[in-house]
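Engineer: Using only what follows, build the 3D model:
(2 chains)
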Amino acid sequence: MTHGVLKRNNVKVLGKGTQPMLFAHGFGCDQNMWRFITKEFEDDYRIILFDYVGSGQSDLAAYDAGRYSTLKGYAGDLLDIVRELDLRDIVFVGHSVSSMIGVLAANEEPDRFERLILIGPSPRYINEGTYVGGFERKDIEGLFEMMDRNFIGWANFLAPAIMKNSDQPELGEELTASFCSTDPVIARRFAEATFLADNREDLAGVTIPSLILQCSDDMVAPEAVGEYLKDQLANSTLKVMKATGHCPHMSHPEETVALIKEYLSSDTTA
Amino acid sequence: MDDASAGLLDKAPCGFISFGDDSRIAYINATLLTRLGFTGEELSGRHVETILGDGSRIFYQTHFFPLVKLHGRAQEVFLLLRAKSGEDVGMLCNAVRHERDGSTFTDCALMEVQERRKFEEALLDARHQLQEQAIELELQSEALQTANDDLQTLNEDLKKERLAADEANQAKSNFLAVMSHELRTPLNAIGGYVQLIEMEVHGPVTEAQRGALARIDRSQRHLLRLINDVLNLARIEAGRVDYLVESVPLQEVIGSVLPMVEPQIASKDLRYESAIPSELRAKADREKVQQILLNLLTNAIKFTSQGGSLCVEAGEHSDSLVFLRVTDTGLGIPPDMLDKVFEPFIQVDASRSRATEGTGLGLAISRDLARGMGGDLVADSTLGEGSTFQLNLPRA
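Structural biologist: Numbering: from 1, shown residues only, chains lettered A, B, ... in the order given. Modelled structure (predicted):
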């Protein structure tokens, strides 16, 4: 599937530099979410953008319910791209769930990664014992309900009938394109893989230096989670941002860029 | 926002809220405040997540915010808002991003959906149920597939066992064939030398010696017949019998066999009847049919007492089969022995076999031959009244 990977994951390569900077979008989005910050790195890095299978402009035909039932499958997408482009010394930038997908990929092929930049990461969203993830299971179920309401409900009841009607293909496209995830059923499964995952045990295996960008007042990944990650990830740096919310690269691109640049210019060999 | 606009918005029949990129609430109209049970002071400057339900907060961060940020607008997004009382209020939201006073704001119009929500919930529930049923069906289908696979494996095992059994049977038959041949050679020598002695080639023979020689000769012939039968059966079972199939007129076959048994019929004073249509023909091996008929007649005579009767009939059994039937008024066969009489070495009872000479292989051989020609041999009997053996053969 050599050429297939680049098409499958809608891989885009830009920038004037040589060192690869691989941006991995979070759940609910696609590679477009990076457009507020990538231009700041184009002069110095080779920027690689992609969509996970099931998101953005990826090839839906490549979706495999078994493969993508856990984050490992998504890490597989990442590694397929890394191997296809034979990327080395990668600066990996992952948002939200992609932080953990990046961790899984880096554990698999540590020699290819130089640094991990994790934006709003969380290894486990659900509280468990003394661990504070920020959510109870019912909260996650509330999210599933919102998703059901907002596209699974629509798409399942209306879209199949509309999309089969070749007179009005634009209607189906509009329904599914209203959110960044292309396919509602896949998005729902991605949500389950994301919010029910527990990647705490994968943290100990990480050898690559990492930057944790923790937003203030982020209800998806609260500060306690950032602290936890700082403790668990060897050679990690935690930066608590002024930015609030869960998507600082979209809401506060300047601060995000500045912190990433500062980290990339620092010495992490210590 | 000027006071006049705000006044109008406060009276609007829909909720309105405006917040900055940092998600902090800049304005919220009276309609929405009233519905949610907050005062303006309580929410001003607070994060918009304050008025969102738990699931909606995540949805806001993962879907709503990126959508509005990337596309500048959102349409008909369903959100559960959280009232001060804790009540969840379902609302449809249209949103648009605006530049205002040098900052960017997201303005949202919110319309409560009560009745629609109930319908949507019912539809979603129905869909979930269907999905569960589909999963259940899939599981059942998988279970059936597994059962089918198991059956196939079992079937293959049985085939293998059957093949092994067939091979073992073949080996047994081969062994019997070889052994029978090895036994016949010395027996023939015994018979030959008895004859030479009787012919006084080796000197005069006394009467007592002649009597002894006659007993040796009888025993030798009995043993030889037994071995020949075993050999025949083994050959049939080993599939080494060739059938020369032709159109055989049954009347002719009976005509050729009858002279061989007439002396016994006469000596037991049996009444003999026959009814054979002259045109009736079977598709069979003539010699094998003769062999079977001779066996059936010999048995019938053997087991029928002095003065009894014998009947040979033939006719059409079905469109494809003809029959040849031998009926006697002999001892009969107990019902539980009817099937067993066709098994090798079975005789109805041991005491009778002493009174009636035989190897116990005749019927086994006859049925194997009948089946080898595409027919069958079946028995019917009433104990004390007699037996009927019917040979079915393909019609010519």
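
Engineer: Now the residue in the stretch 51-200 of chain A positioned nearest to chain B: closest residue in space, sequence neighbours ignored.
Structural biologist: Proximity of the stretch 51-200 of chain A to chain B (CB to the nearest CB) peaks at A:Gly142, 2.1 Å away. Any C-beta I mention is one placed from the backbone N, CA and C, and that applies to glycine too. Take A:Gly142 and drop its neighbours on the chain: the residue closest to it by CB to CB, 6 or more residues apart in numbering or on different chains is B:Gly55, 2.1 Å away.

Engineer: Just give me the neighbour total for the one you found.
Structural biologist: 24 (other CB atoms under 10 Å in any protein chain shown).

Engineer: what's near enough to touch it?
Structural biologist: Going by CB atoms under 8 Å, 6 or more residues apart in numbering or on different chains, B:Gly55 touches A:Asp139, A:Ile140, A:Glu141, A:Gly142, A:Leu143, A:Phe144, A:Glu145, A:Met146, B:Leu80.

Engineer: Can you point out the buried residues in the strand or helix carrying the first one?
Structural biologist: Spelled out, that is A:Asp139. Using DSSP states H and E, A:Asp139 falls within helix A:137-147. Using 16 or more other CB atoms under 10 Å in any protein chain shown as the test for burial, helix A:137-147 gives A:Asp139, A:Ile140, A:Gly142, A:Leu143, A:Phe144, A:Glu145, A:Met146, A:Met147.

Engineer: Ok, stretch A:35-46 next?
Structural biologist: Under the neighbour-count criterion of 16+ other CB under 10 Å, stretch A:35-46 has A:Phe36, A:Ile37, A:Thr38, A:Glu40, A:Phe41, A:Tyr45, A:Arg46 buried.

Engineer: rewinding a little: for the contacts of B:Gly55, which one is nearest B:Gln131?
Structural biologist: Comparing these against B:Gln131 with CB to CB places A:Phe144 closest, at 12.9 Å.

Engineer: how long is stretch A:74-92 from one end to the other?
Structural biologist: Stretch A:74-92 stretches 15 Å from its first residue to its last (CA to CA, to the nearest Å).

Engineer: quick one, domains of chain B?
Structural biologist: B:3-113, B:121-237, B:245-394 (automatic domain parsing).

Engineer: Throw these into a markdown table and include distance to A:Met100, thanks.
Structural biologist: A markdown table is the format used below for these (distance: least, CB to CB, whole Å):
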| stretch | distance to A:Met100 |
| --- | --- |
| domain B:3-113 | 15 |
| domain B:121-237 | 28 |
| domain B:245-394 | 74 |
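
Engineer: Mind checking what helix or strand follows the helix or strand of chain B with the lowest mean pLDDT in sequence?
Structural biologist: Lowest mean confidence among the helices and strands of chain B (mean pLDDT, DSSP states H and E): helix B:350-355, at a mean of 47. Going down the chain from helix B:350-355, the next helix or strand is helix B:362-372, by DSSP H and E.

Engineer: Counting by contacts, list what that following helix packs against.
Structural biologist: Using 3 or more CB pairs under 8 Å, 6 or more residues apart in numbering or on different chains; DSSP states H and E, the elements in contact with helix B:362-372 are helix B:207-237, helix B:286-303, strand B:376-382, strand B:386-394.

Engineer: Looking at those, which is nearest to chain A?
Structural biologist: Across these, closest to chain A is helix B:207-237 (CB to the nearest CB), at 54.7 Å.

Engineer: after the closest one, next one along is what?
Structural biologist: strand B:245-249.

Engineer: what inclination does that next one have with respect to strand B:386-394?
Structural biologist: Relative orientation of strand B:245-249 versus strand B:386-394 (axes from the mean of the first three to the mean of the last three CA atoms, to 10 degrees): 130 degrees.

Engineer: Just put the buried residues of helix A:137-147 in JSON lines and tack on pLDDT.
Structural biologist: Compiled in JSON lines, these are given as follows (pLDDT from 0 to 100):
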{"residue": "A:Asp139", "pLDDT": "89"}
{"residue": "A:Ile140", "pLDDT": "90"}
{"residue": "A:Gly142", "pLDDT": "88"}
{"residue": "A:Leu143", "pLDDT": "88"}
{"residue": "A:Phe144", "pLDDT": "86"}
{"residue": "A:Glu145", "pLDDT": "84"}
{"residue": "A:Met146", "pLDDT": "85"}
{"residue": "A:Met147", "pLDDT": "85"}
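
Engineer: Need the max-distance pair from the contacts of B:Gly55.
Structural biologist: So, these by CB to CB: farthest apart are A:Ile140 and B:Leu80, at 14.1 Å.

Engineer: Quick one: distance of whichever helix or strand the residue nearest to A:Gly142 is part of to the chain centre.
Structural biologist: In the assignment (DSSP H and E), B:Gly55 maps to helix B:54-59. Relative to its chain's centre, helix B:54-59 lies at 56 Å (CA atoms, centre = their mean, to the nearest Å).

Engineer: helix or strand right after it?
Structural biologist: Downstream of helix B:54-59, the first helix or strand assigned by DSSP H and E is helix B:65-71.

Engineer: which other helices and strands contact that next one?
Structural biologist: Helix B:65-71 packs on helix A:248-251, strand B:73-82, strand B:88-100, going by 3+ CB pairs under 8 Å, 6+ apart.

Engineer: what comes up buried for that helix?
Structural biologist: So, applying 16+ other CB under 10 Å, buried residues of helix B:65-71: B:Phe65, B:Pro66, B:Leu67, B:Val68, B:Lys69, B:Leu70, B:His71.

Engineer: Leaving out the residues flanking it, which one is nearest to the second one?
Structural biologist: Nearest residue to B:Pro66, sequence neighbours excluded (CB to CB, 6+ apart): A:Cys29, at 4.9 Å.

Engineer: The one you found: neighbour count?
Structural biologist: The burial count for A:Cys29: 28, using other CB under 10 Å.

Engineer: pretty sure it contacts A:Asp51?
Structural biologist: No. A:Cys29 lies out of contact with A:Asp51 (CB atoms under 8 Å); the separation is 9.1 Å.

Engineer: Redo the buried residues of stretch A:35-46 as JSON lines? Include pLDDT, distance to chain B and secondary structure.
Structural biologist: Listed next are the buried residues of stretch A:35-46 as JSON lines, based on pLDDT from 0 to 100; distance: CB to the nearest CB, whole Å; DSSP: H, G, I helix; E, B strand; the rest coil:
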{"residue": "A:Phe36", "pLDDT": "91", "distance to chain B": "8", "secondary structure": "helix"}
{"residue": "A:Ile37", "pLDDT": "95", "distance to chain B": "13", "secondary structure": "coil"}
{"residue": "A:Thr38", "pLDDT": "96", "distance to chain B": "14", "secondary structure": "helix"}
{"residue": "A:Glu40", "pLDDT": "96", "distance to chain B": "17", "secondary structure": "helix"}
{"residue": "A:Phe41", "pLDDT": "97", "distance to chain B": "19", "secondary structure": "coil"}
{"residue": "A:Tyr45", "pLDDT": "97", "distance to chain B": "23", "secondary structure": "coil"}
{"residue": "A:Arg46", "pLDDT": "97", "distance to chain B": "24", "secondary structure": "strand"}
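
Engineer: Can you name the residues bridging to the closest residue in space to A:Asn150 that isn't next to it in sequence?
Structural biologist: Computed as CB to CB, 6+ apart, the closest residue to A:Asn150 that is not its neighbour in sequence is B:Phe78, at 5.3 Å. Beta-bridge pairing of B:Phe78 under DSSP bridges involves B:Leu92.
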